[in-house]
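**Student:** Let's see this in three dimensions:
(2 chains)
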Amino acid sequence: MTHAMDRRRLMTGTAAVLGLGWLSLPALAQEKRLRMFWWGSKERADRTFKGNKLYSAKNPGVKIDGETIGWSDYWPRMATQAAGRNLADVIQMDYRYIFEYARRGALLDLNPYVGKALDLSGFDKNSIDCGKVDGKLYGINLGNNSTAMLANISAFEGAGLKVPTGDLTWDEYGKLCAELTKAAKKDGFYGSMDSGGLEPSFEVFVRQRGKNLYSEDGKAGFSAEDASDWFAYWDGLRQSKACVPADVQALDKQNIETNPLTLGKAAVAFAHSNQLVGYQAVNPNKLSIGMYPSGGAGAKPGQYLKPSMFFSVAGTSKNPEDAVKVINFVINDPEGVKAYGVERGVPPSSKSRDLIAADLDALGKAQVDYIASVTSKVGPLPPPPPKGAGEIAFLLRRTNEEVGFGRIKPAEAGKKFLTEASSILSRG
Amino acid sequence: MASIAQPSSGLGQTVRKSLPAYGFLSPWLIGLFCLTAGPVLASLYLSFTNFDLIQTPRWVGTANYERIFTNDPKFIAAMKVTFTYVLLSVPFKLAFALMLAMALNRGIQGLSIYRAIFYLPSLLGASVAIAVLWRQVFAGDGLLNAVLKWAFGYQGPSWISNPDYALYTLVSLSIWQFGSPMIIFLAGLRQIPQDMYEAASLDGAGPMRQMFKITLPLLTPVIFFNGVIQTIEAFKAFTPAFIVSEGTGGPVDSTMFYTLYLYLEGFAYLRMGYASALAWVLVVIIAFFTAFSFLSAKYWVHYDD
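**Tutor:** Have a look, this model is predicted:
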């Protein structure tokens, strides 16, 4: 008897639970959830979350879950998600990786959406084409940027020195920074960060010599001598105390928060122009933005304008149409465009540039002016980096550290770097 | 009506008797077979492929293993770093744990409180937070240098960002986590019959002699156990190197542990096939060391029977 009662009670209970489940299902089904994944600083996170919120307000029933992480942890995480077929719907993509991911079939071709959910009418041809791989559109350019030198204005002016700009040659820049270190007389404060291990800096240096970091067919485009000269240059700066010593630079995780400029150990950071916003957000002193030192008379332009980053859609996305609409929102809708501002670079769409021009703060204006002013002084976009370029960026950092800690002479370091880089490239 | 006193006869009874044991083990067993065993076997297969995490893996035979043993200077470098770490951290950690266990075994008041305090670092040890703390303590303008300057007027280097010292700060972090071997040593010390010491002191044996003739020999099974466990743990160390070097193994690869190298190959350079092969080489190395310990045990470990 009691047995039967128990069973009946159990069944009613189960039925009740199931019934409740059914009731709540329609409510769930109405809400679409998209995932968005990006790298970057806190400033970028704030702006991106704001953009997502504005999108949801305009598109009820669509919720965007944002995930963000620093640059160096971003790619391992992305690779893991790609392996697990678990990529976010909207993915922030970099010029370095778009070829690898697109050719491996991880991204969605956005061509079919152009002119429908995706409006690229404000984009010039170059700004669209940089997101194409083998004729298909895999990335939407979120902003143009270029490499840039950010300097602590008061540190230079306080010492009676001129704030460094692209008018200086590399040697003049080294001398200026050595003078600043001497004049500042602050323990552990130096003129410049040590940029010898930063791939974008080395690339500018190589291009000023009329070469590319990587050739069209994916080989090393620089010579051992180029690399040796580069390591020797920074070794000279370390010795004249123009830049931070090796054990200070070793703490730089190659992000805004741990850069020697942000940590108050150096007056200059080598960065990208869109990062002015992120750097200024965590630096109490006003920063100037200028071009890298030049290669001197007869040198070629080292810098180039590039897409600072893309938004791509995962090939595995279950809601590709909505993911495309989110991208369209941040490149065209006034609310989305304003939320992002110029933190990801200067918008490639002329309409969007006009949209934000009116209420651009001084910082945003400095960046837009910078991009406008360098446009006439830059070279063409280099060929996309080959497979293995990511590892070579690590290698450059390690080799510069080896020189910095006196393990190897610059001349030798250049040869070793080229040999190891070529071996990585041939392995792919 | 089977009673416990009845001698077990036949396989059926043995199985029936051990069923409850398996029942209690089941959460772990299910985890082992469903979550661990599958990926482990998959990685063995992947180690013979060129898997890049995104595309379908392609069989490459023993190419990955050949490369590891004939053409990979980074493998050799990572082995050097890892062996230095194991050979330094394990003996020091065990010695430290044993010393403290002996001190605590003297019947002092509030033993459980001291035990808890000394165990605390081990609880926190493997966590990211402690590795971050370690970064702060051993940085150029960190706590350690502040103390050195205040006490001795000595301006120390940046311990974690100098390739000459970085590895040793990780060794010290490991030694600091002496808690779990200490607890096991303490339990071992308690097992030693008190009358042995009484008899020895009646025969005129001093404290040193008692330690070398009674305590250490009777403790060898525990020393052996701790040694094996700690060696395996040390080979597997990953978190401290990953956090302290910010995932680069730097400066100048001085903290490029084997596991960190494996991780970078797999997840940063997208060579998961190669990383899987590296992982299996590590399995063989650990198995070799464990087997060596067990074989050597009969020459120095004294069991009580």
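
**Student:** where does chain A dip in pLDDT?
**Tutor:** Scanning chain A for pLDDT under 70 picks out A:1-30, A:428.

**Student:** Show me where it has its strands.
**Tutor:** Along chain A, counting by DSSP state E, strands occupy A:32-39, A:62-69, A:90-93, A:132-133, A:136-137, A:140-145, A:147-152, A:190-192, A:266-272, A:287-290, A:306-313.

**Student:** Next one, pLDDT for B:Tyr165 please.
**Tutor:** pLDDT, B:Tyr165: 91.

**Student:** The strands of chain A: which one's closest to chain B?
**Tutor:** strand A:62-69 (11.8 Å; CB to the nearest CB). To be clear about C-beta, it is placed using only N, CA and C from the backbone, and glycine gets the same treatment.

**Student:** Buried residues in that closest one, which are they?
**Tutor:** A:62, A:64, A:66, A:68-69 (16 or more other CB atoms under 10 Å in any protein chain shown).

**Student:** my guess is A:Lys415 contacts A:Ser223, does it?
**Tutor:** No - counting by CB atoms under 8 Å, A:Lys415 does not reach A:Ser223; the two are 9.8 Å apart.

**Student:** Among the strands of chain A, show me which one is buried the most.
**Tutor:** strand A:190-192 (a mean of 29; mean count of other CB atoms under 10 Å in any protein chain shown).

**Student:** Tell me the pLDDT of the residue of the stretch 201-305 of chain B at minimum distance from chain A.
**Tutor:** In the stretch 201-305 of chain B, the residue that lies nearest chain A is B:Phe267 (3.7 Å; CB to the nearest CB). pLDDT for B:Phe267: 88.

**Student:** State the distance from it to A:Asn400.
**Tutor:** Remark: distance between B:Phe267 and A:Asn400 (CB to CB, to the nearest Å) = 23 Å.

**Student:** Specify which residue of those two has the higher count of neighbours.
**Tutor:** For B:Phe267 versus A:Asn400, neighbours defined as other CB atoms under 10 Å in any protein chain shown are more numerous around A:Asn400 (27 against 21).

**Student:** secondary structure element for the residue nearest to the spatial centre of chain B?
**Tutor:** By CA atoms, centre = their mean, the mean C-alpha position of chain B lies nearest to B:Glu233, the distance being 1.9 Å. Assigned by DSSP states H and E, B:Glu233 belongs to helix B:216-236.

**Student:** Output the contacting helices and strands for that helix.
**Tutor:** helix B:73-104, helix B:179-191, helix B:272-300 (3 or more CB pairs under 8 Å, 6 or more residues apart in numbering or on different chains; DSSP states H and E).

**Student:** List the buried residues in the first one.
**Tutor:** So the one you mean is helix B:73-104. B:74-75, B:77-79, B:81-82, B:85-86, B:88-90, B:93-94, B:96-98, B:100-102, B:104.

**Student:** residues from chain B in reach of chain A?
**Tutor:** Applying CB under 8 Å from any CB of the partner chain, one finds that chain B approaches chain A through B:52-55, B:139-141, B:157-158, B:160-164, B:246-248, B:250-253, B:263-264, B:267-270, B:272.

**Student:** ok, 7 Å please
**Tutor:** Proximity of chain B to chain A (CB under 7 Å from any CB of the partner chain) is limited to residues B:53-55, B:140, B:157-158, B:161-163, B:246-248, B:250-253, B:267-270.

**Student:** what about the nearest residue to A:Gly66 once chain neighbours are set aside, distance to A:Glu257?
**Tutor:** Distance criterion CB to CB, 6 or more residues apart in numbering or on different chains; nearest residue to A:Gly66, sequence neighbours excluded, is A:Met36 at 5.0 Å. Distance from A:Met36 to A:Glu257, counting by CB to CB: 22 Å.

**Student:** Kindly report the same for B:Leu216.
**Tutor:** Distance from B:Leu216 to A:Glu257, by CB to CB: 51 Å.

**Student:** Over to A:Leu110?
**Tutor:** According to CB to CB, A:Leu110 stands 33 Å off from A:Glu257.

**Student:** okay, the two: which has more neighbours?
**Tutor:** Between A:Leu110 and A:Glu257, A:Leu110 has the larger neighbour count (other CB under 10 Å), namely 24 against 14.

**Student:** Find the nearest non-adjacent residue to the more buried one, please.
**Tutor:** A:Leu137 (4.5 Å).

**Student:** Can you verify B:Gly107 is assigned to a helix?
**Tutor:** No - looking at B:Gly107 with DSSP: H, G, I helix; E, B strand; the rest coil, it is coil, so not inside a helix.

**Student:** For chain A, see how far away it is.
**Tutor:** B:Gly107 sits 47 Å away from chain A, going by CB to the nearest CB, to the nearest Å.

**Student:** That residue: how many residues sit nearby?
**Tutor:** Neighbour tally, B:Gly107, other CB under 10 Å: 6.

**Student:** Mind pulling up the pLDDT for it?
**Tutor:** Model confidence at B:Gly107 (pLDDT) stands at 73.

**Student:** where in the stretch 51-200 of chain B is pLDDT low?
**Tutor:** B:125-127.

**Student:** Neighbours of residue 182, how many?
**Tutor:** All of this is about chain A. Using other CB under 10 Å, A:Lys182 has 13 other residues around it.

**Student:** You answered for a different chain; I wanted chain B.
**Tutor:** A count of nearby residues for B:Met182, using other CB under 10 Å, gives 26.

**Student:** Would you confirm that it contacts B:Phe118?
**Tutor:** Yes - using CB atoms under 7 Å, B:Met182 is in contact with B:Phe118, at 6.0 Å.

**Student:** intersection of neighbour lists for those two?
**Tutor:** Here B:Met182 and B:Phe118 share the contacting residues B:Leu100, scored by CB atoms under 7 Å, 6 or more residues apart in numbering or on different chains.

**Student:** residue contacts, the residue of the stretch 201-305 of chain B closest to chain A?
**Tutor:** Going by CB under 7 Å, 6+ apart, B:Phe267 touches A:76, A:79-80.

**Student:** Now go through the residues you listed and say which are in helices.
**Tutor:** Among those, the members falling in helices (DSSP state H) are A:76, A:79-80.

**Student:** Now rank those by neighbours and give me the top one.
**Tutor:** Counting by other CB under 10 Å, top hit in these: A:Ala79 with 23 neighbours.
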